[in-house]
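Participant: Task: produce atomic coordinates for the following.
(2 chains)
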Amino acid sequence: MSATISKLDEVKTGPWSGGTSPFKVEYGKIMMWLFLLSDVFTFTGFLVLYGAQRMFIQDTWPNPDVVFQSIPGITDTGAPLVFVGIMTFILIVSSVTMVLAVEAGHRNSKKEVVTWMILTILGGLTFLGCQALEWSHLHHAGFWFGAIPDAYQGEQAMGATQFSSYFFAITGFHGFHVTVGIILNIIILLMTVNGVFERRGTYLMIEKVGLYWHFVDLVWVFVFTFFYLV
Amino acid sequence: MNTDNNISEAHRYAHAEADMTKGKIWKVFFYLLGLTALEFLIALGFVETGLIEKGTAVIVVYIILTILKAYYIVAYFMHLKFEKKGMIIMLGMPLALLVYLIVLVFIEGQYLGQWLFK
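Facilitator: Residues are numbered from 1 along each chain as shown, chains lettered A, B, ... in the order given. Model prediction:
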């Protein structure tokens, strides 16, 4: 029996041999990033298809300034971009309150985390409410999956049908992501209130859910540009 | 046992990154707000009033502003700028390749449209 340990049996501690994370990031956080990367592919798939179709039938595509010109409850015509501007603003603000919650988590300040998380959830719910108003307005105007108002006739009907289906599919998928984000936010809010992270000694979970929430904001930035502006 | 491991791992990285101060967060917020306001200025102030024709140039400006906004969200809010270079490359490379896909599909879409309708 020899007392020396062979090279193979030594415990390896280097970053690329299983000792520590090579990225200095916790396992769950890397997994969240990789999930978000795969979600980027999903949304890119949708938006690329939308863009290609729009290039394909450029001439008869409905003008977004004409389709989106109402503020629910205030005016039905003549205000393009105003309502969606408010929605964009709400989502950016809720993203900021989320970073502030993460920042409070770094300082282990439970009270502040709870405050910022509640504000984030409220922002998310307001955004979803706005989207519901927008959807119901467009639905009453005659748009729906595969359905268009009678005003679009002949050649115009092709672009309008494509536009309508893509709009509801992509904003619907985004809205679904917002809904999931709100549920996750509520779960971690309850965990914070119950002191789970305080006992654990780290608020890293807020950071992971925060990544998801920022991603939702990120997707909206692109949806906003390609549906409402361009 | 497994949970204990996770918790101790979480502890190891928990305080590694406290460089996003409150002041910085609000600064990035105002950048994002400014970029969005600029988009609205172009859309409502210039294009809607007829000062500028809505064409390729305007669309390119919109896309640049969008990518700038995306950069601020990913780099600062999602904290990617402060991660290790290996991680930035791991997440950035696929996104760079997506640009290739987008260009290809758009060229193809445009060609198909011209071929069918003209």
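Participant: what about the longest helix in chain A?
Facilitator: helix A:155-193 (DSSP state H).
Participant: Can you give me the buried ones in it?
Facilitator: A:158-168, A:170-171, A:174-175, A:177-178, A:181-182, A:184-185, A:188-189, A:191-192 (16 or more other Cβ atoms under 10 Å in any protein chain shown). C-beta: built from backbone N, CA, C; applies to glycine.
Participant: got any ranges where chain A has weak pLDDT?
Facilitator: Chain A contains residues with pLDDT under 70 at A:1-3.
Participant: mean confidence for the one helix or strand B:Glu39 maps to?
Facilitator: Here B:Glu39, judged by DSSP states H and E, is contained in helix B:22-40. Averaged across helix B:22-40, the pLDDT comes to 92.
Participant: Relative to the whole chain's centre, how far out is the following helix or strand past that helix?
Facilitator: Next helix or strand after helix B:22-40 toward the C-terminus (DSSP H and E): helix B:56-72. Remark: helix B:56-72 is offset 9 Å from the chain centroid, using Cα atoms, centre = their mean, to the nearest Å.
Participant: Mind listing residues that contact helix B:56-72?
Facilitator: A:218, A:221-222, A:224-225, A:229-230, B:28, B:31-32, B:35-36, B:38-39, B:42, B:47, B:52 (Cβ atoms under 8 Å, 6 or more residues apart in numbering or on different chains).
Participant: which element follows that helix toward the C-terminus?
Facilitator: As the chain continues past helix B:56-72, the following element, by DSSP H and E, is helix B:85-117.
Participant: Pull the helix holding B:Glu39 out as CSV, backbone CA atoms only.
Facilitator: Extracted in CSV, the C-alpha atoms of helix B:22-40 (Å, rounded to 0.1, in the frame of the first residue of the first chain):
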residue,chain,number,x,y,z
LYS,B,22,-29.9,52.0,-7.5
GLY,B,23,-28.5,55.0,-9.3
LYS,B,24,-27.3,52.9,-12.2
ILE,B,25,-30.7,51.1,-12.5
TRP,B,26,-32.6,54.4,-12.8
LYS,B,27,-30.0,55.7,-15.3
VAL,B,28,-30.7,52.7,-17.6
PHE,B,29,-34.4,53.2,-17.1
PHE,B,30,-34.1,56.8,-18.4
TYR,B,31,-32.0,55.6,-21.4
LEU,B,32,-34.8,53.1,-22.3
LEU,B,33,-37.4,55.8,-21.8
GLY,B,34,-35.5,58.2,-24.0
LEU,B,35,-35.0,55.6,-26.8
THR,B,36,-38.8,54.8,-26.7
ALA,B,37,-39.6,58.6,-26.7
LEU,B,38,-37.3,59.0,-29.8
GLU,B,39,-39.2,56.2,-31.6
PHE,B,40,-42.5,58.0,-30.8
